[in-house]
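> model this:
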Amino acid sequence: MDAWYLICFLGALAVLIAFTNQFVLKLQTTIAITTGSVVISLLLILAVKLLGDESALTLVKVVGGLDFNQLLLNGMLGFLLFAGAMEIDLRALRRQRWEITILVLFSTVVSTIIVGYLSQWILAEFGWEVPIVYCLLFGALISPTDPIAVLAIIKQMNAPKNISIQVEGESLFNDGVGLVIFSTLFAVAFSNVDPTFGSVAELFLVEAIGGILFGLVLAVVAHFLIIYSTDANIRLLVTLTIPSAGYALANLMHISGPLAMVMCGIFIGNVTRSKSASMSRISSIRYVKNFWHATDSFLNALLFLLIGMLIVSMTLTFEEIAIGLCMIPAVLIARFISVGAPYLVFRRFRRYDLNSVRILTWGGLRGGLALAMAASIPTDTVLANGHNLHNLMVIVTYIVVIFSIVVQGLTISPLIKKSIAAAEADE
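Below you'll find the model as predicted:
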């Protein structure tokens, strides 16, 4: 079995889990598939470790040969971000543009620093001397939120619009900003970039600003192609070229592909959709929207199953698992501080739901982007104690992500209900 067959079978498995979940567990789809991937991973680990099953060993070998950096960061990520950004309501986003901008820039940077230093302290308690740049790298990859699951819950429960747009807007933009921070630190850690403030700031600004400007140019070109096309299939194919050829071109130009995809998605999902509606192309708009919604769900499902398989191919130690469990409160503390501090200022100018900080903290789920970045860490980097940095990063990230989606995702409902009750009381 080769890698392509594996991806095909995992895709079918993701659909089967989602279908079964409708009638058995009835959980939100992302939570159900993530839980399913954990169960399947544990069963495979038992099959390999205890039974030595040849089929499981073959599967482990195939998964170990996958280039996750190419598959996730240079492949699936562009589609995921573009699809998610198309769902953003620009009018609602504009009303809270300052809050979202501060949460995206300030909170992501602060969380990266706090997680970095807390993780270095935790690792030192286990006797691991890890350079701070690697710890900050972990902070950068785990700080961006990916609340796909909780957003579905928020929408299902008709949560207050201001909270929904804060979670949604922040998550999409801090994905891009987080990846730029990660790329900058990655260059400092694993290349010959001179780690001075000027060089790091230049690298960050070129990637971020370049990605945003490129995304706007790409969106305008796609907008006119979609508007002036007379064939609904051609309009859909134009949107497919954005996260494929457009994302690839951004990477070749060494600018932020994720930020470009977010800008494109918001533009196409709002400006182009509005223009198409005025031209009486309602059915075509619905066709494109439904396609990207289904694509987003499928790719997220496939991503979690792939990462679950990746864990199976690694050598797990109880020490690394313990470190991962200790990182969970560290990440939550960093999230609470980085989100709570701006709200101390926000509340001086506008009234907010009392549960906003708690929802943004507990509902700020980590997901596919964090796992993709962790999987991109070079496999040949060995720490002072002889352990592999790549394995440590992936295992710890996987534990934090699984906790956030399964535990936080399943327990966020009471906070949302409180917000709904508070909103109804104000009316």
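> Where does pLDDT dip in the stretch 101-250 of the chain?
When residues are selected by pLDDT under 70, those of the stretch 101-250 of the chain lie in 147-159, 161-162, 172, 192-197, 199-200.
> starting at the chain centroid, how far to stretch 30-39?
16 Å (C-alpha atoms, centre = their mean, to the nearest Å).
> Please identify the buried residues of that stretch?
30-38 (16 or more other C-beta atoms under 10 Å). For glycine as for every other residue, the C-beta is placed from the backbone atoms N, C-alpha and C.
> again, but for stretch 121-137
Here stretch 121-137 shows 122-123, 128, 130, 134-137 as buried, counting by 16+ other C-beta under 10 Å.
> The residue most central in space within the chain and Val262, how far apart?
The centroid of the chain falls nearest to Leu369 when counting by C-alpha atoms, centre = their mean (3.6 Å). Using C-beta to C-beta, to the nearest Å, Leu369 is found at 12 Å from Val262.
> which neighbours do these two share?
Residues touching both Leu369 and Val262 (C-beta atoms under 8 Å, 6 or more residues apart in numbering) are Asp175.
> on that earlier part again, so what pLDDT did the residue nearest to the centre of the chain get?
If you check Leu369, the pLDDT there is 77.
> quick one, what contacts Leu136?
112-113, 116, 185.
> typo on my end, it should be Ile7
Ile7 neighbours (C-beta under 8 Å, 6+ apart): 302, 306.
> quick one: what helix or strand has it in it?
helix 3-23 (DSSP states H and E).
> do Gly211 as well
Using DSSP H and E, Gly211 falls in helix 197-227.
> now Ile359
helix 356-362.
> Return that helix as PDB; C-alpha atoms alone will do.
Only the C-alpha atoms of helix 356-362 are listed here, as PDB (Å, rounded to 0.1, in the frame of the first residue of the first chain):
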ATOM      1  CA  SER A 356     -16.300  36.700  26.600                       C
ATOM      2  CA  VAL A 357     -12.800  36.000  28.000                       C
ATOM      3  CA  ARG A 358     -13.800  32.600  29.300                       C
ATOM      4  CA  ILE A 359     -15.400  31.600  26.000                       C
ATOM      5  CA  LEU A 360     -12.400  32.800  24.000                       C
ATOM      6  CA  THR A 361     -10.000  31.000  26.400                       C
ATOM      7  CA  TRP A 362     -11.900  27.700  26.700                       C
END
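> Output the below-cut-off pLDDT ranges for the stretch 301-427 of the chain.
In the stretch 301-427 of the chain (pLDDT under 70), the answer is 423-427.
> List buried residues within the contacts of Leu136.
Using 16+ other C-beta under 10 Å, the buried ones in the contacts of Leu136 are 112-113, 116, 185.
> out of the residues you listed, which one sits closest to Val382?
Leu185 (19.0 Å; C-beta to C-beta).
> wouldn't that closest one be in contact with Leu141 here?
No - shown here, Leu185 and Leu141 do not form a contact pair, counting by C-beta atoms under 8 Å, at 9.1 Å.
> tell me the contacts of the closest residue to Tyr117 other than its chain neighbours?
Using C-beta to C-beta, 6 or more residues apart in numbering and skipping the chain neighbours, the partner closest in space to Tyr117 is Cys135 (7.0 Å). Counting by C-beta under 8 Å, 6+ apart, Cys135 touches 115-117, 119-120, 123.
> do Ile405 as well
Ile405 neighbours (C-beta under 8 Å, 6+ apart): 30-31, 34, 149, 365-367.
> Can you classify it by secondary structure?
helix (DSSP: H, G, I helix; E, B strand; the rest coil).
> how close does it sit to Thr379?
Counting by C-beta to C-beta - Ile405 and Thr379 are separated by 25 Å.
> How about Pro414?
Counting by C-beta to C-beta, the gap from Pro414 to Thr379 is 42 Å.
> With Leu42 instead?
23 Å.
> Ala12 too?
Applying C-beta to C-beta to Ala12 and Thr379 gives a distance of 29 Å.
> what about Arg273, distance to Glu99?
Arg273 is 24 Å from Glu99, by C-beta to C-beta.
> Could you check which of those two has the larger neighbour count?
Neighbour comparison, Arg273 and Glu99: the larger count goes to Glu99, with 22 against 19 (by other C-beta atoms under 10 Å).
> quick one: that one from Arg348, how far?
In terms of C-beta to C-beta, Glu99 sits 12 Å off from Arg348.
> go on, Leu259?
For Leu259 relative to Arg348 (C-beta to C-beta), the value is 30 Å.
> and if you look at Phe106?
16 Å.
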